[in-house]
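[1] fold the following and give me the result.
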Amino acid sequence: MRNGNKSIFLDTYLDGKRQKEYLKLYIIPERTPLDKEQNRKTLEIVKTIQSQQIVDLQKSEHGLSNTSNKKQKMFLVDYIRFVAESKKPQTKRSYDTLILFIQDFAPNTTLKQADKKFCLDFIDYLKNSAGIKTAKLSANTQVAYLRKLKVVFKRAVEDEIIHKNPLDTINRDLKPQNTTTEIPFLTIDEVKTLINTETPFDEVKTAYLFSCYTGLRFSDVKGLTWGRIREVNNETMLIYIQQKTKKQEYLPLAKPALELLANRTRTNDNDLIFELPLNNKANERLRTIAKEAGIDGKKVTFHTGRHTAATLLLSLGVSIEVVSKILGHADIRTTQIYAKVLAKQVKDGIHKLDNLF
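    Numbers count the residues shown, from 1 in each chain. A predicted model of the protein is given here:
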């Protein structure tokens, strides 16, 4: 495959006939210890499948039943693990959390038992129980985990383990629905005000402004070293690996970001550009800075820097495809949220004329 992944298949010879069964599992390039561990787990799953296939073939030769009944007795959490192994690392993490929810809700549920009633009870659990979380789940989070579960059931149908997806039989009104959430960001005037605000937490302010100019997450700003800033074809580039997605990104730096770096001392390539505290402490200091700047009514956190970068770029006419690439989004639908926010701002703005005269 183009990304270097190698697809795994079972090669079976029976009665002089050869049959290949692609398992939708992949061996990935081993660039990190994490990659090596993922490949080890994948091969364990393959060996389990291979052993089961051998048992099924032996049963078939002796005239015994070779149906999906045994697979239906597999625990749902085990099958989710099997499906998760074929996913990208950032996607796999959400499946791992889904497993924790199922284990908390009904750990011994088999694929056969995961029927319509099970799904309705699980929806009720997501809506009303804190589960493994410290707070109740938002509607959007509930929707996200149900989508993952639906993918698992769809795969089970494709593998002929179950006959139909039980989530497809449930009325839409009984399922949680996505809601439009408030996305806090700073306006151009608020960014200017922040620039001119003197504060004892200047390191946090500078790092936050860098996030506003680049769209980087806190984890990426905190871990940024001077060696990541390079000159490529007369363009100063930021070459880094996103902590969340583990993907390498290439980002040209705009003049405001370069000016922030110009005022800092560059020594060793391995030195951090910004000396930042932990996320919660940095956000605490950032709220103090916002208060000093007179930015009221907004919950300013480091992540609002990323929101600010997205909305500023879109408001300046940068296409949504380009903004999506700058932010390193895997799916452009994530970027479209910011476009909807801008559309709402325009609508709210024009209606300020309603009672003017």
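[2] next, the buried residues of the longest helix seen in the chain.
    Using DSSP state H to define each element, the chain has its longest helix at helix 33-61. Within helix 33-61, the residues scored as buried using 16 or more other CB atoms under 10 Å are 38, 39, 42, 45, 46, 49, 56. Yep, even glycine has a C-beta here, placed from its N, CA and C like the rest.
[3] export these as TSV, with columns for distance to residue 235.
    Shown next, in TSV, are these (distance: CB to CB, whole Å):
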residue	distance to residue 235
38	35
39	36
42	39
45	44
46	45
49	49
56	58
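[4] tell me where this structure has strands.
    For the chain, the strands defined by DSSP state E cover 6-14, 17-27, 229-232, 235-241, 248-252.
[5] and the helices in this protein?
    For the chain, the helices defined by DSSP H occupy 33-61, 69-72, 76-84, 89-105, 116-128, 139-158, 188-195, 202-214, 218-222, 255-262, 279-292, 303-315, 320-327, 332-350.
[6] output the contacting helices and strands for the first one.
    In terms of contacts (3 or more CB pairs under 8 Å, 6 or more residues apart in numbering; DSSP states H and E), helix 33-61 is packed against strand 6-14, strand 17-27.
[7] surely residue 213 and residue 259 touch.
    No - the pair residue 213 / residue 259 is not scored as a contact, 9.2 Å apart, by CB atoms under 8 Å.
[8] looking at those two, which is more packed in?
    residue 213 (21 against 12; other CB atoms under 10 Å).
[9] need the pLDDT of that one.
    As predicted, residue 213 sits at a pLDDT of 91.
[10] please renumber the chain so that the first residue is 32 from this point on.
    With 32 as the first residue, the last one maps to residue 244.
[11] and the residue lying closest to it once chain neighbours are set aside, how far is that from residue 139?
    In space, and not counting its chain neighbours, residue 244 is closest to residue 288: 4.1 Å by CB to CB, 6 or more residues apart in numbering. Residue 288 sits 53 Å away from residue 139 when distances are taken as CB to CB, to the nearest Å.
[12] settle it for me: which of the two has more neighbours?
    The residue with more neighbours, out of residue 288 and residue 139, is residue 288; 21 against 9, by other CB under 10 Å.
[13] is it true that the more buried one touches residue 238?
    No - contact between residue 288 and residue 238 fails when scored by CB under 8 Å: they sit 11.3 Å apart.
[14] and the residue lying closest to residue 297 once chain neighbours are set aside, what does it touch?
    Excluding the flanking residues, the one nearest residue 297 by CB to CB, 6+ apart is residue 257, at 5.0 Å. Neighbour list for residue 257: 297, 298, 299, 300, 301, 302, 304 [criterion: CB atoms under 8 Å, 6 or more residues apart in numbering].
[15] out of those residues, who's nearest residue 146?
    Residue 146 lies nearest to residue 304 out of the contacts of residue 257, by CB to CB, at 54.2 Å.
[16] give me the pLDDT for the residue nearest to residue 67 when sequence neighbours are not counted.
    Closest residue to residue 67 apart from its sequence neighbours, by CB to CB, 6+ apart: residue 61 at 4.8 Å. Looking at residue 61, its pLDDT stands at 87.
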